[in-house]
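# Structure for the following, please:
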Amino acid sequence: MYELEATYRIQSTPEKIEARAQALAIEQSIEMPPTAVRQPELLQKVLAQVDSIQEAGAGYFRVVLRFAEQTTAFETTGLLNVLFGNCALQEDVELLDLKLPPSLLSLFAGPRFGIAGLRQLAQVEGRPLTCTALKPQGLSPTQLAELAYTFALGGIDIVKDDHGLTNQPTAPFAERVPVIQEAIARANAETGGHTLYAPMLTGGPKTLHRHLRIARQAGVKVILTAPMLLGLATFQELVEDLGLAVLAHPAFAGLRISPPLMFGKLFRLLGADAVIFPNHGGRFAYSPQTCLALAQAARAPWGHIRPALPVPAGGMTVERVEEMLGLYGLETMLLIGGDLLAAKDNLLERTRQFVQKVAVSTGKV
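Have a look, this model is predicted:
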């Protein structure tokens, strides 16, 4: 019954850690003093258990709690609330990992396409996929379509909206998506390529479904969205009805949940086919160890859940292609945006340089 495990990193002293761990178990389960529970059997059926406590260095401890599965209500919101509900408000606690029992894991479908499905859509085998972004905000649909056309001529596998490109008056979703998709289709017809377009899907339920209908009518096969901006339960339900491949963006996900768990496991569990994350050495401060652990979590065997494609990003350059491939291997999508756009009049040449470098680095020339 107590097969759901959650691992936390807690800041404490050796003298206080046992009491702190027990307080966390109480907070995340019965949320009241055990002595106030009038039904003693609930302390055996509901109260979370402290499974282990280990020193983690520099005043921190690694604490594993075990929860009764039924406390999750066997659904996404309940699971997240049990794992990191009230304790998300406590600055001394970080959620590191989780272990789902088969009864809970079976409730989640995970990625609908996964790595193999994305490769089939993009018609890419034996090398990493390439990706870039349409930016900045403020460009018109025609200007964005011109960029997309050039990227597709250069052989990029997936051209995505920048995550900040939502429904601004300068390029409303309903106006830009059809013209960008048409521009990419025109480039594909000229080159024989298979570039895909991934528009950014945002908004509340009504907007999501309206924009999804527009994307489908335009012939889009991949969408980009930010699971944390939508809400993870909404994201999961969207994926269930989507029928399109999903790139998950990390916006709004900087909570005290470890990146390998948030991006590598949770986003994957709820249906992301590819997970974008901040690579080390770019605009963000993740370490190489954290990035590699995230990529491994996205691809590791996990019951029936298909592997997701890790997408290192965030200020990457063409010159770092070999380095990134050395760290992440072939089952990766490399996302380079600003470095290509900085080429301005030489955008096509720089794009081809990126695509060629990936091919050469993996022997696919």
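
# Would you indicate which residues of the helix or strand encompassing residue 95 are buried?
Per DSSP states H and E: residue 95 is located in strand 93-99. Across strand 93-99, burial judged by 16 or more other C-beta atoms under 10 Å covers 93, 94, 95, 96, 97, 98. Bear in mind the C-beta positions are built from the backbone N, C-alpha and C, glycine included.

# Using CSV, please lay out the residues you listed together with pLDDT and distance to residue 272.
Formatted as CSV, those follow (pLDDT from 0 to 100; distance: C-beta to C-beta, whole Å):
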residue, pLDDT, distance to residue 272
93, 98, 25
94, 98, 22
95, 98, 18
96, 98, 20
97, 98, 18
98, 98, 16
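
# out of those residues, who's nearest residue 249?
residue 95 (20.4 Å; C-beta to C-beta).

# Settle this for me: that closest one is touching residue 261, isn't it.
Yes. Residue 95 lies in contact with residue 261 (C-beta atoms under 8 Å); the separation is 6.5 Å.

# List the contacts of residue 56.
The contact partners of residue 56, by C-beta atoms under 8 Å, 6 or more residues apart in numbering, come to 9, 62.

# sec struct for it, please.
strand (DSSP: H, G, I helix; E, B strand; the rest coil).

# go on, the one 10 residues further on?
Going by three-state DSSP, the secondary structure assigned to residue 66 is strand.

# Let's see the strand holding residue 95 as PDB, backbone CA atoms only.
What follows is strand 93-99, C-alpha atoms only, in PDB (Å, rounded to 0.1, in the frame of the first residue of the first chain):
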ATOM      1  CA  VAL A  93      12.700  21.400   1.100                       C
ATOM      2  CA  GLU A  94      13.500  20.400  -2.500                       C
ATOM      3  CA  LEU A  95      11.800  17.500  -4.300                       C
ATOM      4  CA  LEU A  96      14.500  15.300  -5.900                       C
ATOM      5  CA  ASP A  97      12.900  12.200  -7.200                       C
ATOM      6  CA  LEU A  98       9.900   9.800  -7.200                       C
ATOM      7  CA  LYS A  99       9.300   6.200  -7.600                       C
END
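
# any idea which residue sits dead centre in this protein?
The chain has residue 275 as the residue nearest its centroid, 3.5 Å off, counting by C-alpha atoms, centre = their mean.

# in a strand, that's where that residue is, yeah?
Yes. Under three-state DSSP, residue 275 falls within a strand.

# who's it bridged to?
Beta-bridge pairing for residue 275 (DSSP bridges): residue 248, residue 310.

# wait, what's in contact with it?
Contacts of residue 275 (C-beta under 8 Å, 6+ apart): 247-248, 250, 263-264, 267-268, 294, 298, 308-311.

# Also residue 149?
183, 184, 186, 187.

# so the first one makes contact with residue 143?
Read it as residue 183. No. Look at residue 183 against residue 143 with C-beta under 8 Å: they stay out of range, at 10.8 Å.

# between the two, who's got more neighbours?
residue 183 (25 against 14; other C-beta atoms under 10 Å).

# What is the subsequent helix or strand relative to the helix or strand harbouring the more buried one?
Assigned by DSSP H and E, residue 183 belongs to helix 173-191. Where DSSP H and E defines the elements, the next helix or strand beyond helix 173-191 is strand 196-198.

# which outside residues touch that next one?
Strand 196-198 has contacts (C-beta under 8 Å, 6+ apart) with 121-122, 148, 157-161, 177, 180-181, 184, 220-224, 247.

# Could you pull up the mean pLDDT of the helix or strand following it?
Where DSSP H and E defines the elements, the next helix or strand beyond strand 196-198 is helix 205-218. In this model, helix 205-218 carries a mean pLDDT of 95.

# Helix 205-218: what's the following helix or strand?
Next element after helix 205-218 (DSSP H and E): strand 222-225.

# packing partners for that following strand?
strand 158-161, strand 196-198, helix 232-242, strand 245-248 (3 or more C-beta pairs under 8 Å, 6 or more residues apart in numbering; DSSP states H and E).

# What mean pLDDT does that strand get?
Rounded mean pLDDT across strand 222-225 is 98.

# again, but for stretch 10-24
98.
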